[in-house]
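Q: Okay, structure incoming, though there's no sequence with it:
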């Protein structure tokens, strides 16, 4: 007989596929002792009654908790691109082009944390707390070049109960002489050492309790020699780990690679064996349809970071084309190139950017025709439901996680969202003027939350079945 940790009766809101919004009311969600969803069944079904009865006979007994009618459960968000040490100066320094910004802000902050373990612990602890407040249950994080500092990051994330894929930066080239690894050989040795030490972090007795994983992380082509990239490609194969980097992000970075390597970013990574099903590349704003087809064929995923792209890229990412090609895409905050840590912001900006891009293309087509045209236009915008998919299922798919959709067998990684109060007023920025005792979650209510909601609507977060955030505490 299955033993249960948690029984909840709630509405479930999720996006099983791109553009599909699913709302299931009055569901019994049964979570087993290892933190996996055992069953999701209608609360009045015979199966639900049997589960509740069996759970009441456990020692200690498990009591059913019922969420209010103005609440729902949603899979946690996945932040597919974040620079953990840059949280130190979040919200500053965004007036510079990318390569100059890296020298004047990013490298200095990363170097500072490498030199001060206590500061690193403080920064990473607060970062984890902020991520949970924002409903982020999994994060793919860039760290620094020092293994010990990245172990602090991994240990903090594990202790806070947050899924984290942690990357020790590999860079044997740098414009900052004090922030670079001593040699290609040292860089490769440190990357291998970090993988092993990260895997040795103590967790509980169950495999499901391990929430942190190492990631091979060449910063980007300008900071990595061809020899280093090739060595990292071999390391990925040998250790079976994922790899993350930046690809075709900004004009100055793309030109740098062309001038120094006489090649495109994607070619450099491909030659090194770093364009695989385990790869997540951030940005990709300068990839054209043929390169997107290469990404799809390789199985590599893209972390779309619309806010930082507005600052550091001179053109928006071809999101609709990537999705239509079948590329796996998730969303990233890109802290601190992006100044908002919450993925809700990334969702909204992804939609607005895509709509502006579609409008620009329409106007360009009209100007080219010289007159109003009846020729068909291919819409390249996305809507809010598609953005919600990218924020949950899309990011989970990129990381090989089963957390993007609540179903039997998936980890119970969920967030509770409250829309109305006990007096039928709206929570936080939301207003509902016709809410009554019969209020039920529908598509309009979810869209209102998507547009206007914030952390005040988030009451709880669970990861692997454990409640790791409670707004009332």
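A: That came through, no problem. Worth saying up front: this structure is predicted, and the values here are computed from it rather than measured.

Q: mind listing what the residue most central in space within the chain touches?
A: The centroid of the chain falls nearest to residue 79 when counting by CA atoms, centre = their mean (1.7 Å). Neighbour list for residue 79: 131, 136, 138-140, 331-333, 343, 395 [criterion: CB atoms under 8 Å, 6 or more residues apart in numbering]. Every residue, glycine included, has its C-beta placed from N, CA and C.

Q: Among those residues, which one sits closest to residue 370?
A: Among the contacts of residue 79, residue 331 lies closest to residue 370 (CB to CB), at 38.4 Å.

Q: Relative to residue 253, how far out is the closest one?
A: 21 Å (CB to CB, to the nearest Å).

Q: And those two? Which one has more around it.
A: The residue with more neighbours, out of residue 331 and residue 253, is residue 331; 32 against 24, by other CB atoms under 10 Å.

Q: Chain neighbours aside, what residue packs nearest to that one?
A: Spatially, and ignoring its direct neighbours in sequence, residue 331 is nearest to residue 346 (4.3 Å; CB to CB, 6 or more residues apart in numbering).

Q: before we move on, the earlier item: so what strands line up beside whatever helix or strand the residue nearest to the centre of the chain lives in?
A: Element membership for residue 79, per DSSP states H and E: strand 77-83. Paired with strand 77-83 in the same sheet, following DSSP bridges, are strand 136-142 (parallel).

Q: contacts for the strand it pairs with?
A: By CB under 8 Å, 6+ apart, strand 136-142 touches 75-84, 131, 153, 157, 162-167, 169, 215, 217, 219, 244, 280, 303, 332, 341-343, 395-396, 398-399, 401, 403, 413, 415, 461, 463.

Q: repeat that for 7 Å
A: Contacts to strand 136-142, defined as CB atoms under 7 Å, 6 or more residues apart in numbering, come from residues 76-84, 131, 153, 162-167, 169, 215, 217, 244, 280, 343, 399, 401, 403, 413, 461, 463.

Q: Identify each buried residue in it, please.
A: If you call a residue buried by 16 or more other CB atoms under 10 Å, then strand 136-142 has these buried ones: 136-142.

Q: so what does the very next helix or strand once past it touch, helix or strand wise?
A: Toward the C-terminal end, the helix or strand that comes next after strand 136-142 (DSSP H and E) is helix 147-160. Applying 3 or more CB pairs under 7 Å, 6 or more residues apart in numbering; DSSP states H and E, one finds that helix 147-160 contacts helix 117-133, strand 163-170, helix 184-199, strand 212-218.

Q: what about helix 147-160, average pLDDT?
A: Averaged across helix 147-160, pLDDT comes to 98.

Q: One more: stretch 378-393?
A: So the average pLDDT for stretch 378-393 ends up being 97.

Q: ok, the residue nearest to residue 331 touching residue 306?
A: Yes. Here residue 346 lies in contact with residue 306, judged by CB atoms under 7 Å, at a distance of 6.2 Å.

Q: ok, those two, which is more surrounded?
A: Between residue 346 and residue 306, counted using other CB under 10 Å, residue 346 has the larger neighbour count: 30 against 27.

Q: need the helices for the stretch 251-400 of the chain, in chain order.
A: 251-261, 265-271, 289-298, 306-312, 319-325, 343-369, 384-389, 395-399 (DSSP state H, counting those that start in this stretch).

Q: Would you convert the ones you listed into CSV that also reports distance to residue 223?
A: Below are these laid out as CSV (distance: least, CB to CB, whole Å):
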stretch, distance to residue 223
helix 251-261, 10
helix 265-271, 12
helix 289-298, 21
helix 306-312, 16
helix 319-325, 25
helix 343-369, 25
helix 384-389, 31
helix 395-399, 23
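
Q: By mean pLDDT, which helix or strand of the chain comes out lowest?
A: helix 98-101 (a mean of 85; mean pLDDT, DSSP states H and E).

Q: moving C-terminal of that one, what's the next helix or strand?
A: helix 107-115.

Q: Which positions within that next one qualify as buried?
A: 107-114.

Q: Give the burial count for residue 46, as a bare number.
A: Residue 46: 9 neighbours (other CB under 10 Å).

Q: Tell me the pLDDT of it.
A: At residue 46, pLDDT is 98.

Q: With residue 373 instead?
A: 69.

Q: Then residue 313?
A: For residue 313, the predicted pLDDT is 90.

Q: Contacts only, for the residue lying closest to it once chain neighbours are set aside.
A: Closest residue in space to residue 313, ignoring its immediate chain neighbours: residue 285 at 4.3 Å, by CB to CB, 6+ apart. Residues near residue 285 by CB under 7 Å, 6+ apart: 248-249, 309, 313, 315-317.

Q: now do residue 415
A: 74, 76, 135, 458, 460-461.

Q: returning to that earlier point: just the buried residues of the least confident helix or strand of the chain, please?
A: Those would be 98-99, 101, for helix 98-101 by 16+ other CB under 10 Å.

Q: Out of the residues you listed, which is nearest to residue 375?
A: residue 98 (37.0 Å).

Q: how far away is that closest one from residue 338?
A: Applying CB to CB to residue 98 and residue 338 gives a distance of 13 Å.

Q: And for residue 398?
A: If you go by CB to CB, the gap between residue 398 and residue 338 works out to 17 Å.

Q: swap in residue 211?
A: Distance from residue 211 to residue 338, by CB to CB: 24 Å.
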